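>>> build me a model from this:
(2 chains)
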Amino acid sequence: MSTMTQISGAGTYLDAFSDLQQRTSRQPEWLRILRAEAFASFCDKGFPTIKDEAWRFTSVAPISQLAFSLPERGHAGLTKADLQQFRIAGTACSLVFINGRFTPELSDQPALAAGVEAGSLADALASDTGALELQLGLKLTLQNDAFSSLNTAFIEDGAYVRIARGTVLEAPIHLLFLSTGAEEPLMFHHRNLIVAEANTQASIVEEHISLADGVTFSNVVTELIAAENAVTSHYMIERKNKQSFHIATLRIQQERSANVSSHSFLLGGALVRNNVHPVFAGEGGECLINGLFIGDGHQHLDNYMLVEHASPRCNSHQFYNGILSDHSHGVFHGRIIVHKDAQKTDSKQTNRNLLLSDDAQIDTKPQLEIYADDVKCTHGATIGQMDDNALFYLRARGLDENSARGLLLFAFAGECTERIKPGPVRAHIEKLVRQALPEISAAHRDTAEAGVERTDTGRNWEEVG
Amino acid sequence: MAMLEIRNLHARVNKQEILKGINLDINTGEVHSLMGPNGSGKSTLAQVLARRETYEVTEGQVLFNGKDLLAMKPEEAACEGLFIAFQYPVEVPGISNSYFLRAALNAQRKYRGEEPIDAIDFIPLLKSKMKLLEMDERFQTRAINEGFSGGEKKRNEIVQMAVLNPTLAILDETDSGLDIDALKIVAQGVNAMRSPDRAIVMVTHYQRLLDYIVPDFVHVLAGGKIVKSGGAELALELEREGYGWIEPALAGAR
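Residues are numbered from 1 along each chain as shown, chains lettered A, B, ... in the order given. From the prediction side, this is the model:
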């Protein structure tokens, strides 16, 4: 049994940190220093409040006021058969992390193609000969970001994926983060490092699932380094239980001509924050930032985009759709910074929201900071209800009200799923989205899964605000 | 028993009474034309029959094949065999024509206790109907009415009608805004649907449509009532004389 740590009060993570320091005494010295500095930075800064511009719409008091423990090790008696339901067909491998720890006995790890490494970050750190020191954490701006600092302070495990120069990997890599239930609130600080070297192609699916009830705080940081001309897709699927706090940070570093797509699907959780932070460090990069958030009950789903154009001739396109019912609260905060030298930037941001109840709420905020003079930046947001005319039209052709609503919601969500390349990941996500759509009737779910022929035309609408 | 029996139908929208006692019988196999000036209640009647909730029925009765139509939801009326070709077909992004229409057809088949039709059998059916309306096959994968021209939307309504094969079809100003070529195509589609098992009601402003689809009966609506009924020749009379004679007729009706 490993260390079980109880944190004594609000904001004090010191005991857990000290225990972890002992447990990770074999980590390389540079990492221990990095972690210590990060912890100092976290202690110095503390959790953000709604006075911080980046956290205006989201109070993290529910997190800061609770004491969380680091989980015990072990896989809670799970077997591979238990996890079969979570697999995606046709993956290159499926790495399973139980309560933050890589669990090889539950993972599917067929021999990987030459040039592909995918495994545990802890293992990679143990056998590191110096490469990781140059990659891990260097691009994070810890001084401004308490959660990334906290994550860095608690680096222990997560996924490490490396696609060696020139390697094309068609099959996706599936990272499955599962949390088991516990009586006391648990915290996880998964740290993932994805290094896509020059001229590579790969897609990585990061999926977070609660296996049971129980309060958890997962604070995930994924660093994605896309080197020159790398084509990389990242999918984040969040399916936590309705008591969970989930903070996800995706930091993307794009070198020259790198083409990255980030797809986020927020389908669960109590309080969720989804940070997507691409930085164009080289000319000619392209980034698609696509997302869908579906909330009901009292869920709070916050999407914070920070797109940094630091080089000329880069394109970033953000598309986020929200579907909110009951008392749920959604946030889309899209910050775009175009630095002085980033001429010919083409940056687009669109956020569309459906509010299905009077008590559902959305805050949507563009924030453009442009220091170059030859750029194209557009942003737009819409907030609406279900279209009664469309609903009536579908019903007048014979579809019952539930099916018609389901179809309309799925079409709205489909704007996001259609941006995923057709294949097993898209099918997987479409299935999850259908299950998450609140009004969808069981009857419709059957017909929709039986055969979906959907519009294949590109949907090019633009709202300039 | 007539297929559709409308008895003393009164309806209002936003507290304003628009239908003030409509009486009309429509038998299977018949083609009727409902004409009348703007605001006479033609479209309101079509919307009430389609079970649009914004229209409140205050009095009267409508029997469709002997069943109380006014107690039905829109989808139930559709499944019972009623089809409205809308004056302003709605654009529904994100759902393809073909997916939607098959879902609708299968909902109706399920209601009637029939097996669902699969995509393999459905696509040829849809294609044949699209060909009849001279619509490009690409429209089947396009989102419902999205970005369609006015004429394409109207033709798409008739394609839907042809696929769903209703027993009672109500065309609400399907001819409005169509050029003569599109009008001929739509008329051809509607004429192909004429059958002893089906009734068709054309709501229109213009006699022009009736050159191509010759009705068995013409009714003139004014002030929320049918003020005159006759054969196809009545439409020609209206074309010649306009609606000027209606005011005295209305006064007489009061």
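>>> in chain A, what residue comes closest to chain B?
A:Ala411 (2.9 Å; CB to the nearest CB). C-beta: built from backbone N, CA, C; applies to glycine.
>>> what is the burial count for that residue?
Neighbourhood size, A:Ala411 [other CB atoms under 10 Å in any protein chain shown]: 22.
>>> that's a helix at it, yeah?
Yes - A:Ala411: assigned to a helix according to DSSP: H, G, I helix; E, B strand; the rest coil.
>>> and what about the nearest residue to it once chain neighbours are set aside, helix, strand or coil?
For A:Ala411, ignoring the flanking residues on the chain, the nearest one in space by CB to CB, 6 or more residues apart in numbering or on different chains is B:Gly94 at 2.9 Å. Classification of B:Gly94 by three-state DSSP places it in strand.
>>> distance of B:Gly94 relative to A:Glu207?
As judged by CB to CB, to the nearest Å, B:Gly94 and A:Glu207 stand 25 Å apart.
>>> next structured bit after the strand or helix carrying A:Gly406?
Assigned by DSSP states H and E, A:Gly406 belongs to helix A:401-417. Following helix A:401-417 in sequence order, the next helix or strand is helix A:424-436 (DSSP H and E).
>>> okay, buried residues for that following helix please.
The neighbour-count check on helix A:424-436 (16 or more other CB atoms under 10 Å in any protein chain shown) flags A:425-430, A:432-434, A:436 as buried.
>>> contacting residues around A:Gly158?
Shown in contact with A:Gly158 (CB atoms under 8 Å, 6 or more residues apart in numbering or on different chains): A:97, A:100, A:102, A:120-122, A:190-193, A:220.
>>> bridged to the residue nearest the centre of chain A, which residues?
Centrality entry for chain A: nearest residue to the mean C-alpha point is A:Met236, 3.9 Å, by CA atoms, centre = their mean. Here A:Met236 sits in beta bridges with A:Glu206, A:Ser264, as judged by DSSP bridges.
>>> that one contacts A:Ser262, doesn't it?
Yes - the pair A:Met236 and A:Ser262 passes the contact test of CB atoms under 8 Å, sitting 7.5 Å apart.
>>> got any residues that touch both of the two?
Counting by CB under 8 Å, 6+ apart, the residues touching both A:Met236 and A:Ser262 are A:Leu250.
>>> how many neighbouring residues does A:Arg26 have?
Neighbours around A:Arg26, by other CB under 10 Å: 9.
>>> do A:Asp341 as well
Counted by other CB under 10 Å, the residues lying close to A:Asp341 total 12.
>>> near chain A at all, stretch B:117-126?
Yes - interface with chain A: stretch B:117-126 contributes B:118-119 (CB under 8 Å from any CB of the partner chain).
>>> and that stretch, what's buried?
The neighbour-count check on stretch B:117-126 (16+ other CB under 10 Å) flags B:122-123, B:125-126 as buried.
>>> try stretch A:178-186
Buried, per 16+ other CB under 10 Å, within stretch A:178-186: A:178-180, A:182, A:185-186.
>>> mind putting those in a markdown table, distance to chain B, pLDDT and secondary structure included?
Shown next, in a markdown table, are those (distance: CB to the nearest CB, whole Å; pLDDT from 0 to 100; DSSP: H, G, I helix; E, B strand; the rest coil):
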| residue | distance to chain B | pLDDT | secondary structure |
| --- | --- | --- | --- |
| A:Leu178 | 33 | 96 | strand |
| A:Ser179 | 34 | 93 | strand |
| A:Thr180 | 38 | 89 | coil |
| A:Ala182 | 41 | 79 | coil |
| A:Pro185 | 40 | 92 | coil |
| A:Leu186 | 39 | 93 | strand |
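>>> I'd say the residue nearest to A:Ala411 and B:Arg142 touch.
No - with contacts counted by CB under 8 Å, B:Gly94 stays clear of B:Arg142, the gap being 11.0 Å.
>>> where does pLDDT dip in the stretch 51-200 of chain A?
The stretch 51-200 of chain A contains residues with pLDDT under 70 at A:75, A:142-143.
>>> not counting residues beside it along the chain, what's closest to A:Gly100?
Excluding the flanking residues, the one nearest A:Gly100 by CB to CB, 6+ apart is A:Phe188, at 4.0 Å.
>>> how near is that neighbour to A:Ser64?
Distance check for A:Phe188 against A:Ser64: by CB to CB, it reads 17 Å.
>>> look at those two and report which has more neighbours.
When neighbours are counted by other CB under 10 Å, A:Phe188 and A:Ser64 differ, and A:Phe188 comes out ahead with 25 against 14.
>>> residues contacting the more buried one?
A:Phe188 makes contact with A:71, A:99-100, A:177, A:179, A:216-220 under the criterion CB under 8 Å, 6+ apart.
>>> quick one: the helices in the stretch 1-150 of chain B?
Using DSSP state H, counting those that start in this stretch, the helices of the stretch 1-150 of chain B run over residues B:42-49, B:74-79, B:97-111, B:119-132, B:150-164.
>>> just the CA trace of the fourth one, in CSV.
In other words, helix B:119-132. Taking Å, rounded to 0.1, in the frame of the first residue of the first chain, the C-alpha atoms of helix B:119-132 are listed here in CSV:
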residue,chain,number,x,y,z
ALA,B,119,-31.4,2.6,-46.9
ILE,B,120,-30.9,0.2,-49.8
ASP,B,121,-34.6,0.2,-50.7
PHE,B,122,-35.1,3.8,-49.8
ILE,B,123,-32.5,5.4,-52.0
PRO,B,124,-34.0,4.2,-55.3
LEU,B,125,-37.4,5.3,-54.2
LEU,B,126,-36.1,8.8,-53.3
LYS,B,127,-34.1,9.0,-56.5
SER,B,128,-37.1,8.2,-58.7
LYS,B,129,-39.2,10.9,-57.0
MET,B,130,-36.4,13.4,-57.3
LYS,B,131,-36.2,12.6,-61.0
LEU,B,132,-39.9,13.2,-61.4
